[in-house]
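Novice: turn this into a model:
(one chain, ligands or ions: 1)
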Amino acid sequence: MNRLSHYKSLIRFPRLTSKPYSSAPSSSSPLSPIKMPVKPKVLRVGKIEYAHEIWQKISSLVEVVDCESANREEFLQDLAGKYKDVTNIVRTFASVAQTGRFDEELALHMPETLVSLSHTGAGYDQVDVEPFTKRGVQVSNVTVPVEAPTADTAVWLALSCLRNFQQGHELLMQGEWLKKKSAGAKIGHSPEGKVVGIMGMGGIGKAIRDRLKPFGFEKIVYYNRNQLPADQEGGAEYVTKEELFKQADVIMISIPLNANTRHSINKESISQMKDGVILVNTARGAVIDESQLPELVKSGKIGAFGADVFEHEPQLAQELIELPNVVSLPHMGTYTYEATKNMEEWAAENVLSCLQTGKVKSIVSEQKNMQIDAKPLLQN
Ligand SMILES: O=CC(=O)O
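Specialist: Presented below is the predicted three-dimensional model:
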């Protein structure tokens, strides 16, 4: 018999009202169960490029629909219409162009049947977790598959910045090598004697640390909300943020974007850094107040800036990216076949886990204490 015909009652949240949260439980309290029979239905928002095998499996178990809403307005309408009974949503980073951010407004329009929202990426700043928590919706992101490719990108940017490789390449393309009989770029620096400071020692920060170690930097220091247990520090030294700013010649930014970190790297914090500091950002553009960067790079306070992410991407501050000591990439941190496939599979596994156990596999940190009355959506 088709498993779809067996469905289980789910923990649910209060019905929407004009003040939907007034009686909603907090993230640390149990959700009030409203029993409701639900037939699992997964909504995919954004294109699946490579993870076809696992989606075939999910499609054999439950109904899977692809979001066809042309824009946010239509999506809001469709959530009350053709998507009114979805139980799980999986979304991609690029789909923000289709639906806009998953903010409070979207959370309030989500169907009551929704159990989980899975983001296909590490950084889930496009999702405001709190309103989804208040509605009892589990939010998951992708962790492990993102770490190595993002760290590779960070290392490439750091070396390019240290050695002025981008400037050398541009001069070569302009025929300057032949004319000048020398590289023509500003003389670079070796890792020798330099201190690396890693801001944010999560999975990506650790992967950056491990990749930079063999290059021969003098020391790697890190700042994190909490010091890691000694066996996880991997030879990096825990310091305060101020101490990191004071010591580091190369600062690798690997912190999530949220209300606390937005613009946390700004003129004031940069003034605490060494003159000529190299800044590398593979996190999110908006953790830096980008408007202040051109002046700081031109003055030499920032020796070089390497970035895979920009505050208003894909819109770019032309004045910034045209500077010879700014190395820029169009958000390519995980832009490989393998990483994309692994990330898509991880997000799909979150959906599958929720269907089979009632719990997503990698819940976001804000929801770690959320009590989940896990009931599989699928009967085994
Ligand atoms: O930017 C990439 C990600 O957040 O995974």
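
Novice: which parts of the stretch 1-150 of the chain sit against the ligand?
Specialist: Neighbours of the ligand within the stretch 1-150 of the chain, by Cβ under 6 Å from any ligand atom: 121, 122, 123, 146. (C-beta placed from N, C-alpha, C; glycine too.)

Novice: and stretch 187-207, what's buried?
Specialist: 188-189, 191, 194-207 (16 or more other Cβ atoms under 10 Å).

Novice: please narrow the residues you listed to those residing in helices.
Specialist: Residues of the buried residues of stretch 187-207 located in helices (DSSP state H): 203, 204, 205, 206, 207.

Novice: with residue 185 as the reference, measure out to the second one.
Specialist: Pointing back at residue 204 there. 29 Å (Cβ to Cβ, to the nearest Å).

Novice: could you do the last one as well?
Specialist: Between residue 207 and residue 185 the distance, using Cβ to Cβ, works out to 29 Å.

Novice: let me see the domain layout of this protein.
Specialist: 3-144+336-367, 146-328 (automatic domain parsing).

Novice: need these in a markdown table with mean pLDDT, can you?
Specialist: Output for those, formatted as a markdown table (pLDDT from 0 to 100):
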| stretch | mean pLDDT |
| --- | --- |
| domain 3-144+336-367 | 85 |
| domain 146-328 | 97 |
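
Novice: helices of the stretch 51-200 of the chain, start to end?
Specialist: 52-61, 72-80, 96-99, 104-109, 129-134, 144-163, 165-173, 176-180 (DSSP state H, counting those that start in this stretch).

Novice: so which of those comes closest to residue 270?
Specialist: Closest of the helices of the stretch 51-200 of the chain to residue 270 is helix 144-163, at 15.1 Å (criterion: Cβ to Cβ).

Novice: by contact count, what packs against that closest one?
Specialist: The contact analysis (3 or more Cβ pairs under 8 Å, 6 or more residues apart in numbering; DSSP states H and E) places helix 144-163 against helix 203-212, strand 250-253, strand 277-281, strand 302-307, strand 326-328, helix 337-357.

Novice: ok and the first one relative to strand 277-281, angle-wise?
Specialist: Angular relation of helix 203-212 and strand 277-281 on a 0 to 180 degree scale: 130 degrees, by axes from the mean of the first three to the mean of the last three Cα atoms, to 10 degrees.

Novice: ok, the last one next?
Specialist: On the basis of the same axes, to 10 degrees, helix 337-357 is oriented at 50 degrees to strand 277-281.

Novice: would you mind pulling the contact partners of helix 337-357?
Specialist: 40, 42, 48-51, 54-55, 57-58, 61-62, 87-88, 90, 115-116, 118-121, 138, 140, 142-146, 148-149, 334, 359-362, 374, 376-378, 380 (Cβ atoms under 8 Å, 6 or more residues apart in numbering).

Novice: show me how to select, in ChimeraX, the buried members of these.
Specialist: Those of the contacts of helix 337-357 that count as buried under 16+ other Cβ under 10 Å are selected in ChimeraX with:
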select :40,42,48,51,54,55,58,61,62,87,88,90,115,116,118,119,120,121,138,140,142,143,145,146,148,149,334,359,360,361,362,376,377,378
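
Novice: buried set for stretch 259-277?
Specialist: In stretch 259-277, counting by 16+ other Cβ under 10 Å, buried: 261, 262, 263, 264, 265, 266, 270, 273, 274, 277.

Novice: then stretch 327-344?
Specialist: 327, 328, 329, 331, 333, 334, 339, 340, 341, 342, 343, 344.

Novice: stretch 148-159 too?
Specialist: 148, 149, 150, 151, 152, 153, 154, 155, 156, 157, 158, 159.

Novice: for residue 278, which residues are in contact?
Specialist: 158, 161, 162, 249, 250, 251, 302, 303, 304, 305, 306.

Novice: try residue 212
Specialist: Per Cβ under 8 Å, 6+ apart, neighbours of residue 212: 155, 158, 191, 196, 220, 252.

Novice: tabulate those in JSON lines, adding columns for distance to residue 310.
Specialist: Shown next, in JSON lines, are the contacts of residue 212 (distance: Cβ to Cβ, whole Å):
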{"residue": "155", "distance to residue 310": "19"}
{"residue": "158", "distance to residue 310": "18"}
{"residue": "191", "distance to residue 310": "26"}
{"residue": "196", "distance to residue 310": "23"}
{"residue": "220", "distance to residue 310": "26"}
{"residue": "252", "distance to residue 310": "17"}
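
Novice: just the closest of those to the ligand, please.
Specialist: residue 252 (15.1 Å; Cβ to the nearest ligand atom).

Novice: wait, doesn't that closest one sit right on residue 208?
Specialist: Yes: between residue 252 and residue 208 a contact is recorded at 5.3 Å, counting by Cβ atoms under 8 Å.

Novice: need the overlap of contacts for these two.
Specialist: Joint contacts of residue 252 and residue 208 (Cβ under 8 Å, 6+ apart) are 154, 198.

Novice: I'd like to know how far residue 191 sits from residue 148.
Specialist: 20 Å.
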